[in-house]
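[1] Build me a structure from this.
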Amino acid sequence: MPEKKKKLFCELHPACYAISVQKEIMKRHLKDLKSPEKFAKTIQKEALPHVVSSYSTNMIKRAPGIDLKLQENKAVNIRLAGSKMNGMIIRPGEVFSFWRTVGRTKKQKGYKEGRIIYANKLKPGVGGGLCNLGNTLHLLVLHSPLEVTEFHSHSDALAPDAGKRVPFSSGTSVSYNYIDYRFKNNTDQNLQLCIWCEGEMLHAELRSEREFPWRYELVEEDHHFRKEKEKYYRISRIYKVTIDKESGEILKKELVLDNHSEVMYDYDLIPKDMIRE
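    Residues are numbered from 1 along each chain as shown. I've put the predicted structure just below:
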């Protein structure tokens, strides 16, 4: 008979999980205090002249099994958090941190209950839905020469795809403050985040002082679903391709995610032609 796996402290009780989370938050605070990194914090209202990358997405997903109220609350949360980073300048050598920019998401600040992943389960939680904002930032950065220095992924299959599949439109995990999203400006010029909402749409741009000679594409290969024991998973490989603007020559193709995401929605909604044995 196989030996029973010993539970971690955080798995013993919800209170133990909460204690573990607070421990990780304090560890991140201490780590940042000792860090030699210089974090971006300058906000400039005037937009820099050149658009490096842009992305727009509907904040409210409507599909079977999705709680519309939590989606509407998510849009409120994204507006609040996005306003904290709109216009932010990232100077050469500086690091952008999602949570150092946004801060804690509290009811007192106007944040509402959205959908969060807590102890590997989907549930309502104050400030939920900000992973969507993290996804948007990640898409901007992947279409630029900026360097991702901290990235955490959760399931890339939280809900059925609405329309054309967009790699990294979900799957970027952020949770105050130890599960952060960070990137560094290793270029020789200032870059700027512009984030704003119009109706249900979230719009985002990454801007620069001067044009870069490259453009970037995300390519997803071998995308499918597969059953493993009693669960289904989305599987794919996602690459970042760097292309010379003038010649069109591919300069680099690098793997940015070997995707193996547990499907978190009704398995009957998985497209049958996408399932492989």
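[2] Look up how far Arg210 lies from Lys45.
    Plainly put, Lys45 is 20 Å away from Arg210 if you go by Cβ to Cβ, to the nearest Å. Placement of C-beta: from N, CA and C, glycine included.
[3] The two: who's more crowded?
    Neighbours per residue (other Cβ atoms under 10 Å) separate Lys45 from Arg210, with Arg210 holding more: 12 against 6.
[4] Surely the more buried one forms part of a strand?
    No - applying DSSP: H, G, I helix; E, B strand; the rest coil, one finds Arg210 to be coil, outside a strand.
[5] need the contact list for it.
    His50, Gln189 (Cβ atoms under 8 Å, 6 or more residues apart in numbering).
[6] Same question for the one 10 residues further on.
    For Glu220, the contacting residues are Arg165, Pro167, Ser236, Arg237, Ile238, Tyr239, taking Cβ under 8 Å, 6+ apart as the criterion.
[7] pLDDT value on it, please?
    Glu220 carries a pLDDT value of 94.
[8] can you check Ser261 too?
    On the pLDDT scale, Ser261 gets 91.
[9] and what of Pro2?
    Listed pLDDT for Pro2 reads 52.
[10] same check, this time on Gly171
    Looking at Gly171, the pLDDT reads 69.
[11] likewise Val148?
    Taking Val148 on its own, its pLDDT is 96.
[12] Then Cys16?
    Looking at Cys16, its pLDDT reads 81.
[13] how about the strand or helix carrying it: buried residues?
    Secondary structure from DSSP states H and E places Cys16 in helix 14-34. Within helix 14-34, the residues that count as buried by 16 or more other Cβ atoms under 10 Å are Tyr17, Ser20, Val21, Glu24, Ile25, Arg28.
[14] for these, which one is nearest Ser175?
    Val21 (8.1 Å; Cβ to Cβ).
[15] Reformat the contacts of Glu220 as JSON lines; add pLDDT, neighbour count and secondary structure.
    Output for the contacts of Glu220, formatted as JSON lines (pLDDT from 0 to 100; neighbours: other Cβ atoms under 10 Å; DSSP: H, G, I helix; E, B strand; the rest coil):
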{"residue": "Arg165", "pLDDT": "83", "neighbour count": "13", "secondary structure": "coil"}
{"residue": "Pro167", "pLDDT": "80", "neighbour count": "23", "secondary structure": "coil"}
{"residue": "Ser236", "pLDDT": "95", "neighbour count": "18", "secondary structure": "strand"}
{"residue": "Arg237", "pLDDT": "96", "neighbour count": "16", "secondary structure": "strand"}
{"residue": "Ile238", "pLDDT": "94", "neighbour count": "19", "secondary structure": "strand"}
{"residue": "Tyr239", "pLDDT": "96", "neighbour count": "16", "secondary structure": "strand"}
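[16] just the residues you listed now: which is nearest Asn186?
    Using Cβ to Cβ, those come closest to Asn186 at Tyr239, 20.4 Å.
[17] contacting residues for that closest one?
    Listed by Cβ under 8 Å, 6+ apart, the contact set of Tyr239 reads Leu218, Val219, Glu220, Glu221, Lys253, Glu254, Leu255, Val256.
[18] burial count for the closest residue to it other than its chain neighbours?
    Leaving aside its chain neighbours, Tyr239 sits nearest to Val219 (4.7 Å; criterion: Cβ to Cβ, 6 or more residues apart in numbering). Close neighbours of Val219, defined as other Cβ under 10 Å, add up to 12.
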